[in-house]
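> output the structure for:
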Amino acid sequence: MTEQTLPQGWTHDDIRAVIDHYESQSEDEELAELEAAWESREATVIHVPNELAPAVRSLIAHYERLRESAPTASH
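Residues are numbered from 1 along each chain as shown. Next comes the predicted model:
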């Protein structure tokens, strides 16, 4: 059996909170969340062939690491 690892910075309590959130949603709440995601201007939803999904995930992870390590501008 393969040992599962948590995403960096996550705890078992964090995972349980996410599961509880989605398991307790009503259908109306679920639909509202999906509609809000489609209307968001912070991300774009695109169709990616399954065989390219690992490369896209890797690219996104690389982008996020760069953003996390970039100095923040002070005001």
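
> can you tell me the SS state at L34?
helix (DSSP: H, G, I helix; E, B strand; the rest coil).

> give me the pLDDT for it.
At L34, the model reports a pLDDT of 90.

> ditto for S74
58.

> please apply the same query to S69.
S69 is given a pLDDT of 90.

> that one and P7, how far apart?
18 Å (C-beta to C-beta, to the nearest Å). Yep, even glycine has a C-beta here, placed from its N, CA and C like the rest.

> burial of T11, as a residue count?
By the criterion of other C-beta atoms under 10 Å, T11 has 9 neighbours.

> can you pull the phi and psi angles for it?
phi -120, psi 170 (degrees, to the nearest 10).

> which parts of the longest helix along the chain are buried?
In the chain, ranked by residue count with DSSP state H as the criterion, the top helix is helix 53-69. By 16 or more other C-beta atoms under 10 Å, helix 53-69 has no buried positions at all.
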